[in-house]
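> One predicted model, sequence on top.
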Amino acid sequence: MADKKIPMRKCTGCGAVKSKKELIRVLKTPEGEIKIDKTGRANGRGAYICDSVECLEKAKKSGGIAKSLGTAIPAEVYDALIKEMEN
């Protein structure tokens, strides 16, 4: 029996490659809205980040999430990510 493939994604902050379930997905919808995708299945362009504030700070400083999504990231999204990581 074949092993089930585990989808791997790269963190936009630290660059570590981890399984998709370990990361938080930030989504740019087809309408251009930026939000956090908790299901990992919503339609749109996604960028992934580790569940740590250090990685978020690196991604914010380097602009990793903004580069991946091709748009500026509002401060409210970063605040929502910090709240998500604290829970």
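Great, that's in hand. Residues are numbered from 1 along each chain as shown.
> so where's the longest helix in the chain?
The longest helix of the chain (DSSP state H) is helix 75-86.
> Any buried residues in stretch 15-25, and which?
18, 23-25 (16 or more other CB atoms under 10 Å). In short, each C-beta sits where N, CA and C put it, glycine included.
> TSV for these, including distance to residue 32 and pLDDT?
Below are these laid out as TSV (distance: CB to CB, whole Å; pLDDT from 0 to 100):
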residue	distance to residue 32	pLDDT
18	28	97
23	23	96
24	20	95
25	17	96
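> Now secondary structure and distance to residue 45 too, for those residues, in CSV please.
Rendered in CSV, the data for the buried residues of stretch 15-25 read as follows (DSSP: H, G, I helix; E, B strand; the rest coil; distance: CB to CB, whole Å):
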residue, secondary structure, distance to residue 45
18, strand, 19
23, coil, 15
24, strand, 15
25, strand, 10
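> and of these, the nearest to residue 4?
When those are compared for distance to residue 4 (CB to CB), residue 18 comes out closest, at 16.8 Å.
> picking that back up, not counting its own residues, what contacts the longest helix of the chain?
Around helix 75-86, the neighbours that count as contacts under CB atoms under 8 Å, 6 or more residues apart in numbering are 24, 26, 34-36, 49, 51-53, 56, 60.
> Name only those of those residues that count as buried.
So, by 16+ other CB under 10 Å, the buried ones in the contacts of helix 75-86 are 24, 26, 34, 49, 56, 60.
> Turn those into a markdown table, columns for distance to residue 75 and secondary structure.
Formatted as a markdown table, those follow (distance: CB to CB, whole Å; DSSP: H, G, I helix; E, B strand; the rest coil):
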| residue | distance to residue 75 | secondary structure |
| --- | --- | --- |
| 24 | 17 | strand |
| 26 | 14 | strand |
| 34 | 11 | strand |
| 49 | 16 | strand |
| 56 | 12 | helix |
| 60 | 10 | helix |
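> Now flag whichever of the contacts of helix 75-86 is closest to residue 70.
residue 34 (10.9 Å).
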